[in-house]
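Engineer: Show me how the following folds:
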Amino acid sequence: MQTDVPPGRMSGGPVLQTEVTDAITNAFFEELAEVGYGRLSIDAVARRAGVGKAAIYRRWESKLDITVALTSDVAIAAIDVPDTGNLRDDIREYLTSGRTVLTHRLAQKIIPDLLAEAQTPISSSASICSPVPCTGGSSWSRPAMKTLTLTGWPARSPPP
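Structural biologist: Residues are numbered from 1 along each chain as shown. The predicted structure is shown next:
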């Protein structure tokens, strides 16, 4: 769909400044940890980042889109374990990386909130819940299942 466009530049659009993207990302996680997904607003993220809403909407289409994109980026980064050449060391690095992410002050607030949100019924297209059939009759959101799968949970069943 997208043509050959230099990185950081949208087709026909302005150059996306890395500093602005970083400010939005930091503001997003701070706001999400503070108020939760249900009360999260793009206005509040923009205010906290010191940017206009347009700066956010240039990068992501919706609240759901920014949530899935940024939490997935963190989950992927969390499981990026170097190949040490030794299985024991690989596992140790994987577990250390996971512990670091899961004990971060923001993650301790965000992860339970997103998992709880994934259990709520779908109320609108802006909901984080998009059911995916799982064994055991449970339904989990695509973003939650993607994040859990990327962090090591089996794709077919929710964590205990």
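Engineer: in the chain, which segments are predicted with low confidence?
Structural biologist: Low-confidence segments of the chain, defined by pLDDT under 70: 1-14, 122-160.
Engineer: Run through the strands of it in chain order.
Structural biologist: 131-133, 139-141 (DSSP state E).
Engineer: mind checking the longest helix of the chain?
Structural biologist: As assigned by DSSP state H, the longest helix anywhere in the chain is helix 18-39.
Engineer: what helices or strands is that helix leaning on?
Structural biologist: Helices and strands touching helix 18-39, by 3 or more Cβ pairs under 8 Å, 6 or more residues apart in numbering; DSSP states H and E, are helix 42-49, helix 53-57, helix 63-78, helix 107-119. (Glycine included, C-beta is placed from N, CA and C.)
Engineer: how about these in a markdown table, adding distance to Ser97 and mean neighbour count?
Structural biologist: Output for those, formatted as a markdown table (distance: least, Cβ to Cβ, whole Å; neighbours: other Cβ atoms under 10 Å):
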| stretch | distance to Ser97 | mean neighbour count |
| --- | --- | --- |
| helix 42-49 | 27 | 18 |
| helix 53-57 | 29 | 16 |
| helix 63-78 | 6 | 17 |
| helix 107-119 | 12 | 17 |
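Engineer: do you know which of these lies nearest Thr21?
Structural biologist: helix 53-57 (8.6 Å; Cβ to Cβ).
Engineer: neighbouring contacts of that closest one?
Structural biologist: Helix 53-57 has contacts (Cβ atoms under 8 Å, 6 or more residues apart in numbering) with Val20, Ile24, Ile42, Asp43, Val45, Ala46, Ala49, Ile66.
Engineer: got it, and stretch 21-29?
Structural biologist: The contact list for stretch 21-29 (Cβ under 8 Å, 6+ apart) reads 45-46, 48-51, 55-56, 59, 66, 70, 106, 110.
Engineer: Please apply the same query to stretch 91-103.
Structural biologist: So stretch 91-103 is contacted by Val74, Ala78, Ile79, Asp80, Val81, Pro82, Thr84, Ala107, Gln108, Ile111, Thr151, Gly152 (Cβ under 8 Å, 6+ apart).
Engineer: Many thanks, have a good one.
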